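[1] I'll drop the sequence and a predicted model, then ask my questions.
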Amino acid sequence: MIRRTILSLSKASDRLASLNITLPPPGLPKANYNMSCITTSNTLYISGHLPILPSGSLITGRLGSTVTLTEGQSASRLACLHLLSTIHDRIGTLDNVVKVNKIFGIVSSDDDFYEQHLVLNGASDLIMDVFGKEKGYHARSAIGTSVLPLNVCVEIEAIIEVKPGCYKEVEI
């Protein structure tokens, strides 16, 4: 019943409020690149985002040995919250999102772990809850790897279409 009520709301900002979600502050790049997001025309190309806890520590480890599927899904959702924060920072409000085109996720996992696609459901479910079917359905890739930067268990990036002229230019 609650999910139906949330999905009936038309604005992403209203959905965030209904879900009791407060976006974390936007993060800074962790390496030699200047921006977490590049804008071309009406498309945002969002760099990989990590699962950063409110304390500033990272969710680390590998799926299959030190991180459970449920923990991985939570980490995926958390990384996606940081990604949403970057979008919000760049375009002023998530209501300016026209369409979530693609989510790309990389999962640090053991060689015999085969559920990377399920780990990414944490991010995809959040996208669907915030944007609904029309704007939130997206293409997705879930890739497994043996290690990720800073030993995080998951990294999420995205390609998002936004309303014309809504984004702020960032000086390089």
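    Right, received. Where do you want to start? Everything quoted here is computed from the prediction, not taken from an experiment.
[2] element containing the residue sitting nearest the centre point of the chain, please.
    The residue lying closest to the centre of the chain (C-alpha atoms, centre = their mean) is Cys80, at 2.2 Å. Per DSSP states H and E: Cys80 is located in helix 69-91.
[3] the following helix or strand past that helix pairs with which strands, and in what direction?
    Downstream of helix 69-91, the first helix or strand assigned by DSSP H and E is strand 97-108. If you go by DSSP bridges, strand 97-108 pairs up with strand 139-145 (parallel), strand 154-162 (antiparallel).
[4] any idea which of the ones you listed is most buried?
    Most buried of the strands paired with strand 97-108 by mean neighbour count (mean count of other C-beta atoms under 10 Å) is strand 154-162; its value is a mean of 24. The C-beta positions use only the backbone N, C-alpha and C, and glycine is treated the same way.
[5] how far off centre is that one?
    Taking C-alpha atoms, centre = their mean, to the nearest Å, one finds strand 154-162 lying 6 Å from the centre of the chain it belongs to.
[6] can you dump the C-alpha atoms of it in PDB for me?
    Taking Å, rounded to 0.1, in the frame of the first residue of the first chain, the C-alpha atoms of strand 154-162 are listed here in PDB:
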ATOM      1  CA  VAL A 154      30.100  -1.700  -5.600                       C
ATOM      2  CA  GLU A 155      30.400   1.400  -7.900                       C
ATOM      3  CA  ILE A 156      27.400   2.900  -9.800                       C
ATOM      4  CA  GLU A 157      27.400   5.300 -12.700                       C
ATOM      5  CA  ALA A 158      24.500   6.600 -14.900                       C
ATOM      6  CA  ILE A 159      23.400   8.400 -18.000                       C
ATOM      7  CA  ILE A 160      20.400  10.700 -17.400                       C
ATOM      8  CA  GLU A 161      18.400  12.900 -19.700                       C
ATOM      9  CA  VAL A 162      17.400  16.200 -18.200                       C
END
